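Asker: build me a model:
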Amino acid sequence: MQYTEAIDYLYSRLPVFHRIGPKAIKPGLGNTLALCEALGNPHQQFRSIHVGGTNGKGSTSHMLAAIYQSAGYRVGLYTSPHLQSFTERIRLNGQPIPEADVAAFVERYQGVIESIEPSFFEATVAMAFDYFAHQQVDLAIIEVGLGGRLDSTNVITPLVSVITNIGYDHTDILGDTLPQIAGEKAGIIKPGVPVVIGETHPDTQAVFMKKASEQKAPLVFADQAYTVMDEGILNGYRQVAIRTNADERPENYELDLLGAYQLHNLPTALATVSVLQSIFPVSVSSIRRALAAVSVLTGLKGRFQTVRQQPRVIADTAHNQPGLEALFETIRSLAFDTLRIVLGVVADKDRTKVLEVVPPSAVYYFCQAHTPRALPAEVLQTEAAAVGRRGNAYADVNLALAAALEESSPHDLILITGSNYTIAELVDLG
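Answerer: Numbering: from 1, shown residues only. The predicted model follows:
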């Protein structure tokens, strides 16, 4: 079986969330456990960090992978969704899984897949676990797909569980209050396993404290353990000073991930490293090297990524209210003449909150991704106009970007955002 055949099989045979949305979800962990058992339980053959949360879990996962790679460990990284290639989901020391290995897995276990009938995500998780076990990783960073309690990745027992933050996203599945959503995310907390919570919130703090207490899991709130001082962007890096609240002497770091929202992810990553320091020692110099080169070390894309200059074009995968609020906090710190926003969203999410966050003063270029979940650009254009966000509609992101570039002066800023799937189709993403 060739790689293209294997991918075609996975997409055509199995329910895929990024194509059909919530209908692709198969509740419960039964399928994943059955797959893992058929594969020899690979999820029990490596040590791991489990990373959940509403926003920031991808960036935090990549930060952690970069840190442990820089410290000399053999590191697996599982994230989703991918942007341009399926192989991005499963990485070893930053390198995507070889296409031949994807094809070999599907060919070897096609009968198992057809017998169990998992979702696309369940099969992908099993593939990642199988790959990490065979590659004998020292440590695997496993990002939750959606929620936590019933997410396919939740069959692992990690060394530490991480929950970055809680915000309104996937409310049709996880609940429509922050405590309800936190309850689902807290489902990754395991008996006796330390847990790091990235951000303290009055609506969710008690949920995590109760769950951790029930599970006798040591609990750390990263934002209570660290103080972060943003020192701006210099020479292409965000300059950050951070200290533990038990130590007055700050450590200085340079981040190649420039979004101001990374200032929330950094303490989460550092608190996680601290929890595991006795098992996986990491030096401050390794952390410094890693944070200055996360994108290079792990292949992370689409997080406040500059894809061209004059005019500056930034691509960011923010796709919900808290993510976009954090994004525009950074945008407001930049100097530019006119802000031009290329925006595409999915149809099965609440657009009202997204359209409230994006500024009415910008010039808009509405687009849609080539996926059945995408909201038609003309519908988005009409809904946006009703709340004072005006612009033209385009068939895809590249046509929208071309129009924005045509109308821009060298000192304008073009932002492309709204959906992972919109960013994924950018020809210029690199």
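Asker: can you list the buried residues in stretch 70-80?
Answerer: 70, 71, 73, 74, 75, 76, 77, 78, 79, 80 (16 or more other C-beta atoms under 10 Å). Heads up, the C-betas are built off the backbone N, CA and C, glycines and all.
Asker: that should have said stretch 301-314, apologies.
Answerer: Under 16+ other C-beta under 10 Å, the buried positions of stretch 301-314 are 301, 302, 303, 304, 305, 307, 311, 312, 313, 314.
Asker: got it, and stretch 260-269?
Answerer: With burial defined by 16+ other C-beta under 10 Å, the residues of stretch 260-269 counted as buried are 260, 261, 262, 263, 264, 265, 266, 267, 268, 269.
Asker: for it, what does the pLDDT average out to?
Answerer: This predicted structure assigns stretch 260-269 an average pLDDT of 94.
Asker: ok, stretch 298-311 next?
Answerer: Across stretch 298-311, pLDDT averages out at 94.
Asker: can you check stretch 374-384 too?
Answerer: 97.
Asker: repeat for stretch 316-327
Answerer: Mean pLDDT, computed over stretch 316-327, is 90.
Asker: start to end distance for it?
Answerer: 8 Å (C-alpha to C-alpha, to the nearest Å).
Asker: how far does that stretch sit from the chain's center?
Answerer: 12 Å (C-alpha atoms, centre = their mean, to the nearest Å).
Asker: can you give me the buried ones in that stretch?
Answerer: Buried residues in stretch 316-327, defined by neighbour count with 16+ other C-beta under 10 Å: 316, 317, 318, 319, 320, 321, 322, 323, 324, 325, 326, 327.
Asker: what helix or strand does the last one sit in?
Answerer: Pointing back at residue 327 there. helix 321-331 (DSSP states H and E).
Asker: packing partners for that helix?
Answerer: Secondary-structure packing of helix 321-331 (3 or more C-beta pairs under 8 Å, 6 or more residues apart in numbering; DSSP states H and E): helix 351-357, strand 413-417.
Asker: how about a cut-off of 7 Å?
Answerer: Taking 3 or more C-beta pairs under 7 Å, 6 or more residues apart in numbering; DSSP states H and E as contact, the helices and strands that helix 321-331 lies on are helix 351-357.
Asker: give me the next element, helix or strand, following the helix holding residue 327.
Answerer: Trace forward from helix 321-331 with DSSP H and E and the next one is strand 339-343.
Asker: quick one: contacts for the nearest residue to residue 268 once chain neighbours are set aside?
Answerer: The spatial neighbour of residue 268 that comes closest, neighbours along the chain excluded (C-beta to C-beta, 6 or more residues apart in numbering), is residue 198 at 3.7 Å. Listed by C-beta atoms under 7 Å, 6 or more residues apart in numbering, the contact set of residue 198 reads 53, 56, 163, 164, 165, 222, 223, 264, 267, 268.
Asker: might one say that the third one is in contact with residue 54?
Answerer: No. Here residue 163 lies out of contact with residue 54, judged by C-beta atoms under 7 Å, at a distance of 9.0 Å.
Asker: settle it for me: which of these two has more neighbours?
Answerer: residue 163 (31 against 24; other C-beta atoms under 10 Å).
Asker: tell me the contacts of that one?
Answerer: Shown in contact with residue 163 (C-beta under 7 Å, 6+ apart): 52, 53, 185, 197, 198.
Asker: any idea what residue 92 is bridged to?
Answerer: Beta-bridge partners for residue 92, by DSSP bridges, are residue 76, residue 95.
Asker: can you read off the pLDDT for residue 19?
Answerer: Per-residue pLDDT puts residue 19 at 52.
Asker: mind checking the SS state of the closest residue to residue 211 other than its chain neighbours?
Answerer: In this structure, residue 211 finds its nearest non-sequential neighbour in residue 186, 4.2 Å apart by C-beta to C-beta, 6+ apart. When classified by DSSP: H, G, I helix; E, B strand; the rest coil, residue 186 comes out as helix.
Asker: just to be sure, residue 46 is in a helix?
Answerer: No. Under three-state DSSP, residue 46 sits outside any helix and is assigned coil.
Asker: all numbers from here: first residue = 70
Answerer: Yep, numbering from 70; the last one is residue 115 now.
Asker: that one: neighbour count?
Answerer: Neighbours of residue 115 under the rule other C-beta under 10 Å: 20.
Asker: repeat that for residue 430.
Answerer: 9.
Asker: that one: what's it in contact with?
Answerer: Taking C-beta under 7 Å, 6+ apart, we find residue 430 in contact with residue 408.
Asker: over to it: give its phi and psi.
Answerer: Dihedral pair for residue 430: phi -80, psi -10, per degrees, to the nearest 10.
Asker: for residue 408, which residues are in contact?
Answerer: With contact set as C-beta under 7 Å, 6+ apart, residue 408 has these partners: 428, 430, 431, 482, 484.
Asker: ditto for residue 410
Answerer: By C-beta under 7 Å, 6+ apart, the residues touching residue 410 are 427, 431, 433, 484, 486.
Asker: pull out the buried positions in the helix ranked longest in the chain.
Answerer: Longest helix of the chain, by residue count under DSSP state H: helix 168-185. Neighbour counts over helix 168-185 (16+ other C-beta under 10 Å) mark 168, 170, 171, 172, 174, 175, 178, 181, 182, 185 as buried.
Asker: now the element after it, going C-ward?
Answerer: Downstream of helix 168-185, the next assigned helix or strand under DSSP H and E is helix 189-203.
Asker: average pLDDT across that following helix?
Answerer: Mean predicted confidence for helix 189-203 is 96.
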